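In: fold the following.
(chains A and B)
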Amino acid sequence: MATIVSHSPAPVEEGHPTLTHGEVTRDVVATLGPATRGYVLLLLGAVSLFLIGIATFTILLKDGLGHAGYNPPIFWSVYITTFVFWVGIGHAGTLISAILFLFRSPWRTAVYRSTEAMTVFAVMTAGLFPIIHIGRQWVFYWLLPYPNQRYLWPNFKSPLIWDVFAISTYLTVSTTFLVFGLLPDVAAVRDKVSGWRKTIYTWSSVGWRGTDNQWRHYSRAYLYLAALATPLVLSVHSVVSWDFASSIVPGWHGTIFAPYFVAGAIYSGIGMVLTLIIPLRRALRIEHLITEYHFDNLAKLTLLTRSILLYAYAMEYFVAWYSGNIFEQTTFFRRAFGPQWWAGWTMIICNAFVSQLLWFRKIRRNVTSLFVISIFINIGMWFERYVIIVSSLSNDYVPWAWGILNPTWADWGILAGSFGWFGMWFLLFAKNFPIVAIQEIKEMIPMPRRRGGHH
Amino acid sequence: MPPFTRARRMPGLLASFIHIDAAVDAIRALRAKGFRKLVVYSPAPNHELEEALNHRVSPVRLFTLIGGLTGCAAGFGMTIWMSYDWPVVVGGKPIASIPPYVVIAFELTILLGALSTVAAVALFSVLMGKRGVAYDPRFSDDQVGIFVPADAEQLASVETLLRNSGAVEVRHEAA
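Out: Got it, this is the predicted structure:
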């Protein structure tokens, strides 16, 4: 058998494409084997959290939103915070699967499937929150333009309707992209398993056989899907930011919001990627497929987006001061020194200080320290949204109308439930579908040659 | 495809290759001999195979374009029509106010563009794909497969050609 030489020099020195095609299939199909005890415990944990969420939601459905900590003037609180948090999580997945695909970054192949699955499940989670938040959940379809008795249509000038279109498009397109990318891999699994599993994968692979014609259409279509997903991902968090920026609330009414939110979204999403795949690659024994090299690159991406984010933080304070507008200045003063100072400082410490550690190569390549930092990123980014939403609302234009939010069990129950719901889907996906893209890794590994060497 | 209807099996030869250059040689030799209706299986898309087969660019891009334009038109059409169907002045803006509608039109452009792209692949790859062509599970793993539709008198010469190019296995597929 001829020596295997890769076209792209970087990943070879880092190890993984020294595998052969057969070994890639074998190792990835092995991840679909019987569940380990650790996996079952994680899944049970996720399902328990989800059940807490279901119980809380049932009470909310029965009694109404009064149980949650809504308190004038704060009527957007933990649910909207968590909505923005989960939409943001999704963005890193599309960045890695679509934008890095267009940029031809070969390192994305090892991690893109898991991040794309994360995107789909994060957006699925986020999509629940506006529905939970509206109170009368059974009439959520009023948001859609459908012919009704009074021939009323939605107000398309409202950012909330833009959001309905942006989020549902994002969910549909990212699900399509994920399923489409899975197709050849499901076919590869089909050809390796037997029994009832073979039947399921045979039906799921809808006749995929990897013929020249199928690849010809598939590769083209994948390129166009990536090209469509790229502007989509930038638009989605911009639209989410306009939910705030198009109002006149001090602290929200800023032109910087769209890029600020997109950078924050990608930063938080990569934090979540690290939180998910560091334990996952150990549980599924794919350390040789997702290596320190990939974590190093993810951490560098985190550093980049974090720098944009810190610039936006600084600009927000600068603009508030420079505007000379007392309402704007008061809002930002109270973010740091008001009654909810602890939220403001949690965000600053996690996002501005803890992630500074990523400048060191040793830390970027140490999975334990990366995992710990990624938890801080998740916490910091949840609090960022909390600070933007809640602290801006809590000090309105007139001081007698100021108020403080005191989140209740109903807020925390739904928040916990969202992590359970997300974790449950992600874990089920990881056990039933190839979490590493078999076909794309094979594309990076040249097939053996009779005459040796490379072309 | 799961067997909805059992397609008639196509007679011919199914060759497996471990070496990519051997498969490329075989494709070139077969095409030179006038065999143009080959079916080539590979575990991943491969540029050498593409060059040897010399296909035209896939027509899915046309579907992406049509889907995207339809979405854009539908987005503007829906918002403007619905605004005038029940005219209400909101925030002192024109009844149909184009800048905010760009968001809706943009999202629908992406949505219909992506869905029609996938529909095109389903149409060309699955629904219009050849039925009854022999397959081997190793082609999704680590081997390249070439199916040559051939009738009885061609079998011997095609088999020699495939073996000379370096096929590790050649299978006869009867009708």
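In: show me what contacts residue A:237?
Out: A:87, A:88, A:91, A:258, A:261, A:262, A:265 (C-beta atoms under 8 Å, 6 or more residues apart in numbering or on different chains). Where you see a C-beta, it was placed from the backbone N, CA and C, and this is true even at glycine.
In: from residue A:151, how far out is the nearest residue to the first one once chain neighbours are set aside?
Out: Distances taken as C-beta to C-beta, 6 or more residues apart in numbering or on different chains place residue A:126 nearest to residue A:87, at 4.3 Å, with adjacent residues excluded. From residue A:126 across to residue A:151, the span is 31 Å (C-beta to C-beta, to the nearest Å).
In: those two: who's more crowded?
Out: residue A:126 (25 against 9; other C-beta atoms under 10 Å in any protein chain shown).
In: is residue A:247 part of a helix or strand, or is it coil?
Out: coil (DSSP: H, G, I helix; E, B strand; the rest coil).
In: so what's the predicted local confidence for the closest residue to it other than its chain neighbours?
Out: Distances taken as C-beta to C-beta, 6+ apart place residue A:253 nearest to residue A:247, at 6.5 Å, with adjacent residues excluded. We have a pLDDT of 90 for residue A:253.
In: correct me, but residue A:253 touches residue A:316?
Out: No - with contact defined as C-beta atoms under 8 Å, residue A:253 does not count as touching residue A:316 (11.3 Å).
In: if you count surrounding residues, which of these two has more?
Out: residue A:316 (20 against 16).
In: which helices and strands does the helix or strand that contains the more buried one pack with?
Out: For residue A:316, the element it lies in under DSSP states H and E is helix A:292-323. Other helices and strands packing on helix A:292-323, by 3 or more C-beta pairs under 8 Å, 6 or more residues apart in numbering or on different chains; DSSP states H and E, are helix A:9-14, helix A:108-133, helix A:257-283, helix A:326-337, helix A:361-364, helix A:367-386.
In: try 7 Å this time
Out: helix A:257-283, helix A:326-337, helix A:361-364, helix A:367-386 (3 or more C-beta pairs under 7 Å, 6 or more residues apart in numbering or on different chains; DSSP states H and E).
In: and the third one, what does it pack onto?
Out: The helices and strands touching helix A:361-364, judged by 3+ C-beta pairs under 7 Å, 6+ apart, are helix A:292-323.
In: next, the angle from the helix it packs on to helix A:108-133.
Out: Relative orientation of helix A:292-323 versus helix A:108-133 (axes from the mean of the first three to the mean of the last three C-alpha atoms, to 10 degrees): 50 degrees.
In: now the residue most central in space within chain B, nearest residue through space, not along the chain?
Out: By C-alpha atoms, centre = their mean, chain B has its centre lying nearest to residue B:125, at 4.1 Å. Leaving aside its chain neighbours, residue B:125 sits nearest to residue A:214 (4.3 Å; criterion: C-beta to C-beta, 6+ apart).
In: for the one you found, give its distance to residue A:28.
Out: In terms of C-beta to C-beta, residue A:214 sits 20 Å off from residue A:28.
In: same check, this time on residue A:426
Out: For residue A:426 relative to residue A:28 (C-beta to C-beta), the value is 17 Å.
In: same deal with residue A:78?
Out: For residue A:78 relative to residue A:28 (C-beta to C-beta), the value is 39 Å.
In: can you check residue A:379 too?
Out: Residue A:379 is 32 Å from residue A:28, by C-beta to C-beta.
In: of these two, who's got more company?
Out: residue A:28 (23 against 17).
In: OK, contacts around the more buried one?
Out: By C-beta atoms under 7 Å, 6 or more residues apart in numbering or on different chains, the contact set of residue A:28 is A:434, A:436, A:438.
In: still on that earlier bit, what is the nearest of the contacts of residue A:237 to residue A:312?
Out: residue A:261 (8.8 Å; C-beta to C-beta).
In: leaving out the residues flanking it, which one is nearest to that closest one?
Out: residue A:241 (3.7 Å).
In: tell me if the one you found really is in a helix.
Out: Yes - per three-state DSSP, residue A:241 lies within a helix segment.
In: that one: neighbour count?
Out: 24.
In: which residues does the residue lying closest to residue B:46 once chain neighbours are set aside contact?
Out: The shortest distance from residue B:46 to any non-neighbouring residue, by C-beta to C-beta, 6+ apart, is to residue B:20 (6.6 Å). Residues near residue B:20 by C-beta under 7 Å, 6+ apart: A:447, A:449, B:46, B:48, B:144.
In: do residue A:131 as well
Out: Applying C-beta under 7 Å, 6+ apart, the residues near residue A:131 are A:137, A:140.
In: and it, how close does it get to chain B?
Out: 19 Å (C-beta to the nearest C-beta, to the nearest Å).
In: what residues does the stretch 201-350 of chain A put near chain B?
Out: A:202-203, A:206-207, A:209-221, A:224-225, A:228, A:231-232, A:235, A:239 (C-beta under 7 Å from any C-beta of the partner chain).
In: please indicate which of these are buried?
Out: Buried residues within these, counting neighbours by 16 or more other C-beta atoms under 10 Å in any protein chain shown: A:202, A:207, A:209-218, A:220-221, A:224-225, A:228, A:232, A:235, A:239.
In: okay if I get the contacts of residue B:20 as CSV plus distance to residue A:285 and secondary structure?
Out: Converted to CSV, those look like this (distance: C-beta to C-beta, whole Å; DSSP: H, G, I helix; E, B strand; the rest coil):
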residue, distance to residue A:285, secondary structure
A:447, 25, coil
A:449, 30, coil
B:46, 28, coil
B:48, 33, helix
B:144, 29, strand
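In: wait, which of these is closest to residue A:166?
Out: residue B:46 (37.5 Å).
In: what's around that closest one, how many residues?
Out: 21.
In: now stretch A:256-274, how far from the chain's geometric center?
Out: 9 Å (C-alpha atoms, centre = their mean, to the nearest Å).
In: show me the contact partners of it.
Out: Outside stretch A:256-274, the residues touching it (C-beta under 7 Å, 6+ apart) are A:88-93, A:95, A:111, A:115, A:118, A:234, A:237-238, A:240-242, A:244-245, A:298, A:301-302, A:305-306, A:308-309, A:312, A:315-316, A:370-371, A:374, A:377-378, A:381, A:384.
In: what's the average pLDDT for that stretch?
Out: So the average pLDDT for stretch A:256-274 ends up being 94.
In: quick check: can you list the domain ranges of chain B?
Out: B:12-51+B:131-173, B:60-126 (automatic domain parsing).
In: output these as a markdown table; include the columns mean pLDDT and distance to residue A:155.
Out: Below are the domains of chain B laid out as a markdown table (pLDDT from 0 to 100; distance: least, C-beta to C-beta, whole Å):
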| stretch | mean pLDDT | distance to residue A:155 |
| --- | --- | --- |
| domain B:12-51+B:131-173 | 91 | 46 |
| domain B:60-126 | 94 | 6 |
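In: so which of the ones you listed is nearest residue A:420?
Out: Taking these one by one with C-beta to C-beta, domain B:60-126 is closest: 29.5 Å.
In: compute the first-to-last residue distance for the closest one.
Out: Domain B:60-126 has an end-to-end distance of 13 Å (C-alpha to C-alpha, to the nearest Å).
In: tell me how far that domain is from the chain's mean position?
Out: Distance, centroid of domain B:60-126 to centroid of chain: 26 Å (C-alpha atoms, centre = their mean).
In: verify the stated contact: the residue nearest to residue A:247 with residue A:245.
Out: Yes - under the criterion of C-beta atoms under 7 Å, residue A:253 makes contact with residue A:245 at 6.3 Å.
In: okay, now the unreliable bits of the stretch 1-150 of chain A?
Out: Low-confidence segments of the stretch 1-150 of chain A (pLDDT under 70): A:1-17.
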